[in-house]
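Q: coords below, sequence missing:
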């Protein structure tokens with residue numbers, strides 16, 4: 001205590017502003033919460049946590065935010081009592097040069113460290129993630145996971161012929177033949193042309209536009225009694241300098257040489273995890289040629305497909321077993337729960353001859369007659385705690401995750417079941433811990449790419465407003481501030497009514513409306529300056545205007561520069577008659593400019609305060 005007293009006395013005698021603001025003590029409290037945040041994050045993170053929420057949410061999910069808020073309130077309340085108790089203005093002490101701006105800068109630095117514990121917390125998370133998930137190990141385990149994934153059958157949709165990506169010419173788009181309507185199914189809403197394929201037969205131009213599959217039935221492929229037409233497309237421009245492009249069907253291959261199955265591991269083309277941060281989910285597959293699934297399938301075809309096909313050709317049971325066991329070892333290393341019985345899974349695959357995976361939705365026969373029209377969601381939820389089941393579907397009792405009664409019950413109690421309106425399988429399961437692995441790898445990727453700059457800017461802006469707010473009560477009277485609030489409300493209301501009137505019959509541009517708002521703000525600031533320098537203006541009026549300008553000062557210059565940036569924009573048409581917007585002063589919208597000009601506005605306003613304080617009361 002004696003040391004603190006000596007330190008306080010030293011500041012009072014040599015640095016009175018620092019003694020008054022207590023910014024050094026605040027800064028020490030800020031550095032302390034940074035250290036606590038960093039250490040807390042490092043201790044908090046483990047494999048279990050990484051399987052849960054996102055990297056950027058741990059500050060909240062760990063409940064550290066509540067500790068931070070309580071800590072912040074205690075520190076600020078104690079500091080506020082000391083800060084306002086020794087107010088030099090109320091005690092009529094002489095003020096040093098640029099007193100208010102120096103107070104502002106000191107509080108700005110202190111508040112930044114005090115409120116920004118989120119930054120060191122995330123650095124603690126990042127360091128721990130990099131410690132328990134070394135990059136080389138992550139890459140090695142990713143390959144183990146993705147090499148085992150094709151053999152962990154959990155969704156029959158993943159093995160459909162339409163997902164095949166290997167070998168060439170796959171991946172292809174397809175259209176199937178409907179036996180009931182005796183017609184080809186509807187092609188997606190695309191206008192497709194067919195160049196260089198007229199040798200099949202002459203096709204009228206209008207019919208080429210529609211890409212009618214019936215003209216290419218000679219290229220159709222029969223798979224298990226069903227007819228498919230596979231084709232490839234590409235986007236082409238009319239010429240090298242053309243603005244017009246068309247989607248062409250550039251190939252309709254004959255696939256009779258391939259032994260194709262509608263449902264088979266040969267068709268599988270997905271990955272479970274990717275250390276580059278992409279989370280692939282079969283549920284996002286839309287069969288569009290440009291979607292994420294195509295990128296996913298191309299990566300699989302390049303990295304894993306040849307090896308998997310080799311195992312399937314050889315029917316290498318040992319290789320499949322080894323891959324699943326290696327996968328389970330990775331799960332154990334990451335402490336991910338699973339319910340994988342390797343023997344059951346391998347036997348299931350062999351019994352199915354690597355294909356013909358049925359709809360694997362668990363539903364006992366006792367549930368089939370519940371509800372109306374096959375909809376028995378409510379009854380199943382009551383009976384087995386399944387969150388959502390829309391339609392009754394027969395169970396494939398041979399699938400590995402219903403191999404015995406205990407597994408069946410555990411599956412029912414722990415997984416969501418989703419079925420689409422056509423009663424086909426379309427669901428997600430946690431049987432093989434996909435969500436946990438994907439989340440873990442996503443958090444690893446986030447930690448490697450984490451940058452704090454944007455957060456620093458955000459907390460810096462918040463610190464500016466906090467420091468600006470607390471200085472407000474340093475020089476103003478509470479009564480004057482309370483009077484200013486309803487006056488500000490009246491001005492805001494009048495401005496709103498004027499804008500409504502201006503836009504009532506004829507809509508004006510946003511720039512015009514914004515310019516009018518800036519005009520009102522400049523008018524208030526101008527009246528404030530006049531009232532401060534005018535000897536005829538009442539001090540009470542000047543007090544109210546000073547409070548209004550205090551609220552405006554940080555924003556006026558940044559908003560003006562923002563409007564200037566918008567007003568200097570202009571549009572330039574390109575050769576394809578599209579409009580390109582040129583923004584020569586776009587740099588004025590940068591947050592760094594916003595901060596610098598905002599602080600400069602505060603600095604200018606603070607030059608008025610000493611002049612305003614010296615103003616005498618009018619009788």
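A: On my side now, so go ahead. Predicted model, so just to flag it, every value in this text is computed and none were measured. Numbers count the residues shown, from 1 in each chain.
Q: mind listing what residue 121 touches?
A: Contacts for residue 121 were tallied using Cβ atoms under 8 Å, 6 or more residues apart in numbering; they are 37, 38, 40, 41, 58, 59, 64. The way it works is simple: take the backbone N, C-alpha and C, and place the C-beta from them, glycine included.
Q: Could you measure from it over to residue 56?
A: Residue 121 sits at a distance of 10 Å from residue 56 (criterion: Cβ to Cβ, to the nearest Å).
Q: Please enumerate the strands of this structure.
A: 173-178, 183-184, 192-193, 221-223, 226-237, 245-251, 570-573, 579-582 (DSSP state E).
Q: what's in contact with the second one?
A: If I follow you right, that is strand 183-184. By Cβ under 8 Å, 6+ apart, the list of residues contacting strand 183-184 from outside reads 175, 176, 177, 178, 212, 213, 214, 229.
Q: Same check on the first one?
A: The set of residues external to strand 173-178 that reach it, using Cβ under 8 Å, 6+ apart, is 161-162, 183-185, 187, 213, 220, 226-233, 287, 289.
Q: Now the phi/psi pair for residue 180, please.
A: Torsion angles at residue 180 (phi, psi; degrees, to the nearest 10) stand at phi -70, psi -50.
Q: Report all helices and strands that the longest helix belonging to the chain contacts.
A: Using DSSP state H, we find that the single longest helix of the chain is helix 539-567. Applying 3 or more Cβ pairs under 8 Å, 6 or more residues apart in numbering; DSSP states H and E, one finds that helix 539-567 contacts helix 453-475, helix 478-502, helix 510-533, helix 591-614.
Q: Output the below-cut-off pLDDT ranges for the chain.
A: 1, 88-94, 154-156, 186-210, 238-240, 275-296, 339, 357-433, 505-508, 617-619 (pLDDT under 70).
Q: still on that earlier bit, which stretch among the helices and strands packed on helix 539-567 approaches residue 314 most closely?
A: Shortest distance between residue 314 and the helices and strands packed on helix 539-567, using Cβ to Cβ, is found for helix 453-475: 52.0 Å.
Q: Give me the buried positions along that closest one.
A: Buried positions in helix 453-475, judged by neighbour count with 16 or more other Cβ atoms under 10 Å: 459, 460, 461, 463, 464, 466, 467, 468, 470, 471, 474, 475.
Q: could these be laid out in JSON lines, adding distance to residue 580?
A: Conversion of the buried residues of helix 453-475 to JSON lines gives the following (distance: Cβ to Cβ, whole Å):
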{"residue": "459", "distance to residue 580": "36"}
{"residue": "460", "distance to residue 580": "33"}
{"residue": "461", "distance to residue 580": "31"}
{"residue": "463", "distance to residue 580": "38"}
{"residue": "464", "distance to residue 580": "35"}
{"residue": "466", "distance to residue 580": "41"}
{"residue": "467", "distance to residue 580": "41"}
{"residue": "468", "distance to residue 580": "39"}
{"residue": "470", "distance to residue 580": "46"}
{"residue": "471", "distance to residue 580": "45"}
{"residue": "474", "distance to residue 580": "50"}
{"residue": "475", "distance to residue 580": "50"}
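Q: quick one: contacts of stretch 483-494?
A: So stretch 483-494 is in contact with 520, 524, 544, 547, 548, 551, going by Cβ under 8 Å, 6+ apart.
Q: my bad, should have said stretch 73-82
A: Residues from elsewhere that reach stretch 73-82 (Cβ under 8 Å, 6+ apart): 22, 25, 26, 29, 114, 470.
Q: could you list every residue that touches the first one?
A: Okay, so that is residue 22. Residue 22 neighbours (Cβ under 8 Å, 6+ apart): 79, 82, 83.
Q: on that earlier part again, any chance of a markdown table for the helices and strands packed on helix 539-567, columns distance to residue 445?
A: As requested, those are exported to a markdown table (distance: least, Cβ to Cβ, whole Å):
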| stretch | distance to residue 445 |
| --- | --- |
| helix 453-475 | 18 |
| helix 478-502 | 46 |
| helix 510-533 | 39 |
| helix 591-614 | 26 |
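Q: if I read this right, residue 474 contacts residue 100, doesn't it?
A: Yes - between residue 474 and residue 100 a contact is recorded at 7.3 Å, counting by Cβ atoms under 8 Å.
Q: show me the contacts for the nearest residue to residue 464 once chain neighbours are set aside.
A: Distances taken as Cβ to Cβ, 6 or more residues apart in numbering put residue 108 closest to residue 464, at 6.0 Å, once the chain neighbours are dropped. Listed by Cβ under 8 Å, 6+ apart, the contact set of residue 108 reads 463, 464, 467.
Q: which residues does the first one contact?
A: Pointing back at residue 463 there. Residue 463 sits next to 108, 109, 111, 112, 115, 116 when contact means Cβ under 8 Å, 6+ apart.
Q: Neighbours of the second one, how many?
A: A count of neighbours around residue 109, defined by other Cβ atoms under 10 Å, yields 16.
Q: repeat for the fifth one
A: Other residues within reach of residue 115 by the criterion other Cβ under 10 Å amount to 17.
Q: Next one: it from residue 340, what distance?
A: As defined by Cβ to Cβ, residue 115 lies at a distance of 46 Å from residue 340.
Q: Also the last one?
A: Counting by Cβ to Cβ, the gap between residue 116 and residue 340 amounts to 44 Å.
Q: Kindly report the same for the second one.
A: Between residue 109 and residue 340 the distance is 55 Å, computed by Cβ to Cβ.
Q: before we move on, the earlier item: can you tell me how far the residue nearest to residue 464 is from residue 469?
A: Distance from residue 108 to residue 469, counting by Cβ to Cβ: 11 Å.
Q: need the helices for the stretch 251-400 of the chain, in chain order.
A: Taking DSSP state H, counting those that start in this stretch as the test, the helices found in the stretch 251-400 of the chain are 292-300, 306-314, 317-333, 342-351, 377-384.
Q: Any idea which of those helices gets closest to residue 586?
A: Closest among these, using Cβ to Cβ: helix 292-300, at 31.1 Å.
Q: Count the residues that sit near the closest residue to residue 125 other than its chain neighbours.
A: Leaving aside its chain neighbours, residue 125 sits nearest to residue 41 (4.7 Å; criterion: Cβ to Cβ, 6+ apart). Close neighbours of residue 41, defined as other Cβ under 10 Å, add up to 25.
Q: In contact with residue 41, which residues are there?
A: By Cβ under 8 Å, 6+ apart, the contact list for residue 41 reads 58, 59, 62, 64, 120, 121, 122, 123, 124, 125, 128.
Q: how close does it get to residue 2?
A: Counting by Cβ to Cβ, the gap from residue 41 to residue 2 is 36 Å.
Q: out of everything not next to it in sequence, what's closest to residue 544?
A: Nearest non-adjacent residue to residue 544, counting by Cβ to Cβ, 6+ apart: residue 484, 5.0 Å away.
Q: The one you found and residue 523, how far apart?
A: Residue 484 is 16 Å from residue 523, by Cβ to Cβ.
Q: need the contact list for the closest residue in space to residue 480 that isn't next to it in sequence.
A: Ranked by Cβ to Cβ, 6+ apart and with sequence neighbours excluded, the top spatial neighbour of residue 480 is residue 543, at 4.2 Å. Listed by Cβ under 8 Å, 6+ apart, the contact partners of residue 543 are 476, 477, 480.
Q: What distance do you get for the residue lying closest to the second one once chain neighbours are set aside to residue 533?
A: In space, residue 477 comes closest to residue 543 once its chain neighbours are excluded; the distance is 7.1 Å by Cβ to Cβ, 6+ apart. Distance from residue 543 to residue 533, counting by Cβ to Cβ: 15 Å.
Q: my guess is residue 503 contacts residue 516, does it?
A: No - counting by Cβ under 8 Å, residue 503 sits too far from residue 516 to count as a contact (10.4 Å).
Q: Report the set of residues contacting both of these two.
A: With Cβ under 8 Å, 6+ apart, residue 503 and residue 516 have no common neighbours.
Q: tell me the contacts of residue 40?
A: 62, 64, 121, 124.
Q: give the contact list for the last one.
A: Going back to what we said before, that points to residue 124. Contact analysis of residue 124 by Cβ under 8 Å, 6+ apart lists 37, 38, 39, 40, 41, 42, 45.
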